[in-house]
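Undergrad: What would the 3D arrangement of this be:
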Amino acid sequence: MLDVDVTKQLGQLKLEVAFQSDSPVIGLFGPSGAGKSSIINMIAGLSKPDRGTIKIGSETVDDTAIGLHVPPHRRRIGYVFQDARLFPHRNVSQNLDYGRRMNKLAPDPAHFERILNLLDIGHLKNRRPGQLSGGERQRVALGRALLAKPRLLLMDEPLGALDQERKAEILPYFERLRDEEHVPMVYVSHDPDETRRLAGHVVMLKHGRIAAQGGPEILPP
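TA: Next up is the predicted model:
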C-alpha cells in the first residue's frame, strides 16, 4: 500500500495531492509541469513535503506534524530515470552490481541471474554503456534498481527519451517485471498508451492537483 497526502509549493505551482493504492503499478499521468516528478521525488525522500504524510506499506516515511523525514538511503526504494545514468567507465556487470553494493547487500548469484534473464541482458555483461542502444541502457538501469531489492520502484518517464520502436521493444519487459517480480511500481508518464498497458490505478494530474483517479479506463483515448 502506498499512501500519499502532501502539499508543496513549487514556485508558482502549489502541489496538493492525496491518493492511496495497493495496485502493483500506480500510474501518475499528466502533462509536463503537472507535478508528477515532484511527487515521486518526495516519495523517494529527495525532497520534503511542506505538509502531510507519506506511507509505504506499514511504515511512515514522512510526517511533517512530528518532523519525521526518513532519508532516501533508508527507504529501500529503486529509482529509474528517463536517462539511464549508467557509469560510462564501468561495464554492464559492474553497473548492475552498483545498487547491491551501495545498499551493503550480500551477493546473491541466483537473483543476479534471474534479473539478467528477466530483462534479457546476460549477453551484454561485458559491454560499456556507450556500446548499448537506448533500450538496452534502460533495461540495464532497471536491472541495477532491481538488484538492490527495493520494496518500491519509482519510474520517471523511463521511455521518454526513446523512439517508438525502442518503446515497443522495452514495454514487454516492464510488463514481465510487473507480473513476475511483484515489486510495486509508481510509473510516471504523459503517454496514455504506456500508462494503460502497465498501471492498475491511475492518478491524473493537472496544475498540481488530482483531476481524476481510478482504473486505466479514465485515461484519454
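
Undergrad: Quick one: residues contacting the spatially most central residue of the chain.
TA: Closest to where the C-alpha atoms of the chain average out (Cα atoms, centre = their mean) is residue 154, at 1.7 Å. Residue 154 is in contact with 40, 43, 44, 77, 78, 79, 80, 185, 186, 188, counting by Cβ atoms under 8 Å, 6 or more residues apart in numbering. Where you see a C-beta, it was placed from the backbone N, CA and C, and this is true even at glycine.

Undergrad: So which of these sit within strands?
TA: Mapping the contacts of residue 154 onto strands (DSSP state E) picks out 77, 78, 79, 80, 185, 186, 188.

Undergrad: And these, which is closest to residue 35?
TA: Nearest to residue 35 among those is residue 188, at 10.2 Å by Cβ to Cβ.

Undergrad: ok, the closest one to residue 82 distance?
TA: Distance check for residue 188 against residue 82: by Cβ to Cβ, to the nearest Å, it reads 9 Å.

Undergrad: And residue 167, by the same measure?
TA: For residue 167, the distance to residue 82 - Cβ to Cβ - is 12 Å.

Undergrad: Please apply the same query to residue 88.
TA: For residue 88, the distance to residue 82 - Cβ to Cβ - is 17 Å.

Undergrad: Compare those two (neighbour count), which wins?
TA: residue 82 (17 against 8; other Cβ atoms under 10 Å).

Undergrad: Angles on the backbone of that one, please.
TA: phi -60, psi -40 (degrees, to the nearest 10).

Undergrad: mind listing what it touches?
TA: 156, 157, 158, 160, 161.

Undergrad: pLDDT wise, what is it at?
TA: Per-residue confidence (pLDDT) for residue 82: 84.

Undergrad: Next: residue 101.
TA: 88.

Undergrad: Secondary structure element holding it?
TA: Here residue 101 is covered by helix 92-102, with elements defined by DSSP states H and E.

Undergrad: in that helix, what's buried?
TA: 92, 93, 94, 95, 96, 97, 99, 100 (16 or more other Cβ atoms under 10 Å).

Undergrad: what's the closest non-adjacent residue to the last one?
TA: The shortest distance from residue 100 to any residue that is not its chain neighbour, by Cβ to Cβ, 6 or more residues apart in numbering, is 5.0 Å, and that residue is residue 147.

Undergrad: The residue nearest to residue 128 when sequence neighbours are not counted: neighbour count?
TA: Distances taken as Cβ to Cβ, 6+ apart place residue 91 nearest to residue 128, at 5.7 Å, with adjacent residues excluded. Look at residue 91: counted by other Cβ under 10 Å, it has 17 neighbours.

Undergrad: Residue 91 against residue 130, yeah?
TA: No - the pair residue 91 / residue 130 is not scored as a contact, 10.6 Å apart, by Cβ atoms under 8 Å.

Undergrad: Which neighbours do residue 188 and residue 82 have in common?
TA: Common neighbours of residue 188 and residue 82, using Cβ under 8 Å, 6+ apart, are 156, 157.

Undergrad: from the middle of its chain, how far away would the lowest-mean-pLDDT helix or strand in the chain be?
TA: Within the chain, no helix or strand scores below helix 164-176, which has a mean of 88 by mean pLDDT, DSSP states H and E. Centroid separation for helix 164-176 versus its chain: 15 Å, with Cα atoms, centre = their mean, to the nearest Å.

Undergrad: what packs against it?
TA: helix 109-119, helix 134-147, helix 192-198 (3 or more Cβ pairs under 8 Å, 6 or more residues apart in numbering; DSSP states H and E).
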